[in-house]
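**Q** sequence unknown, structure follows:
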Ligand code: PXP
């Protein structure tokens, strides 16, 4: 058996459904508690600048009411850095929210955004928050992550999940090579975006990946089989891939 692979359950889209009608149902904090019971190792939530799903109050309640570590996904803005410093989540994953912050395929452009990102990463790291950068599987981005002082990267699996056939195999090779490169560079490597039952096994089998963050598929699958059952199944597929 390889090293344990953690599952971070992203509850953003429970909040999306709640917000479609206003009010309190379904409650993303209840979903986080259910995820904890179902074997999640952490909770991931993205406080977007436009608050389209998770709210400020959700973040406060996730910290207060859920015992699992919180991975706060956030844009690199002064407002979000202040929020992170106030709540002190275990981890913060910096993600792009604006087009000009992204590389061509959608991860954070650490290479070109270096000067903008460096002081924010420094403040979060100094506060004891484990900072990760959500990047494409591109060695140049990983080198920049090392130089900027981030201990963790999360590889964007979106392009791999959307591709089919030879294109998907090529995308998987890129992910595998980047995860190995990250390991050699001393970075802890996570992965996520778009993963489902059909795409998780190959990514979970990459030995240098320590954590997967998965949300949309699990919330969607919850409609048919329930949230806990969906998480159990995902967990089993991840464990089998590591065995
Ligand atoms: N990881 C990061 C950095 C993300 O931004 C997202 C989407 O919010 C996810 C993982 C989860 O993606 P999905 O909801 O497609 O599983």
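**A** Right, received. Where do you want to start? Please read these numbers as outputs of a predicted model, since none were measured by experiment.

**Q** Below-threshold pLDDT in the protein: ranges please.
**A** For the chain, the stretches flagged by pLDDT under 70 are 1-3.

**Q** hmm, 50 instead?
**A** Scanning the chain with the threshold set as pLDDT under 50 gives 1-2.

**Q** Would you mind naming what in it lies close to the ligand?
**A** Counting by C-beta under 6 Å from any ligand atom, the residues of the chain close to the ligand are 10, 12, 46, 73, 93, 95, 134, 154, 192-195, 213-217. Bear in mind the C-beta positions are built from the backbone N, C-alpha and C, glycine included.

**Q** switch to 5 Å and redo it
**A** 10, 46, 95, 134, 192, 193, 194, 213, 214, 215, 216 (C-beta under 5 Å from any ligand atom).

**Q** looking at it, the first one is touching residue 53, isn't it?
**A** In this case it means residue 10. No. With contacts counted by C-beta atoms under 8 Å, residue 10 stays clear of residue 53, the gap being 10.0 Å.

**Q** Find residues that contact each of these two.
**A** Common contacts of residue 10 and residue 53 (C-beta atoms under 8 Å, 6 or more residues apart in numbering): residue 46.

**Q** sorry, back to before: would you list the buried entries among the residues of the chain next to the ligand?
**A** Buried subset of these (neighbour count, 16 or more other C-beta atoms under 10 Å): 10, 46, 95, 134, 192, 193, 194, 213, 214, 215.

**Q** Could you check how many residues crowd around residue 197?
**A** 14 (other C-beta atoms under 10 Å).

**Q** Quick check: closest non-adjacent residue to residue 204.
**A** Leaving aside its chain neighbours, residue 204 sits nearest to residue 241 (3.6 Å; criterion: C-beta to C-beta, 6 or more residues apart in numbering).

**Q** where does the one you found land in three-state SS?
**A** Put simply, residue 241 is helix when judged by DSSP: H, G, I helix; E, B strand; the rest coil.

**Q** who touches it in this structure?
**A** Residues near residue 241 by C-beta under 8 Å, 6+ apart: 5, 200, 201, 202, 203, 204, 205.

**Q** where's the second one, which helix or strand?
**A** For residue 200, the enclosing helix or strand under DSSP states H and E is helix 197-204.

**Q** what's that helix packed up against?
**A** Helix 197-204 makes packing contacts with helix 158-162, helix 165-184, strand 209-214, helix 227-242 when contacts are defined by 3 or more C-beta pairs under 8 Å, 6 or more residues apart in numbering; DSSP states H and E.

**Q** Does residue 176 touch residue 207 like I think?
**A** No. Residue 176 is not in contact with residue 207 according to C-beta under 8 Å; the separation is 9.5 Å.

**Q** more neighbours, the two?
**A** Neighbour totals were compared for residue 176 and residue 207, and residue 176 leads with 19 against 15 (other C-beta under 10 Å).

**Q** How about the more buried one: what's its closest non-neighbour residue?
**A** Nearest to residue 176 is residue 206, by C-beta to C-beta, 6+ apart, at 5.3 Å.

**Q** Please, which helix or strand holds that neighbour?
**A** In this assignment (DSSP H and E), residue 206 forms part of neither any helix nor any strand.

**Q** Now for it, how many residues are close by?
**A** Using other C-beta under 10 Å, residue 206 has 22 neighbouring residues.

**Q** which residues does the most centrally placed residue in the chain contact?
**A** By C-alpha atoms, centre = their mean, the mean C-alpha position of the chain lies nearest to residue 213, the distance being 4.3 Å. By C-beta under 8 Å, 6+ apart, residue 213 lies in contact with 8, 9, 10, 44, 71, 93, 154, 190, 191, 192, 193.
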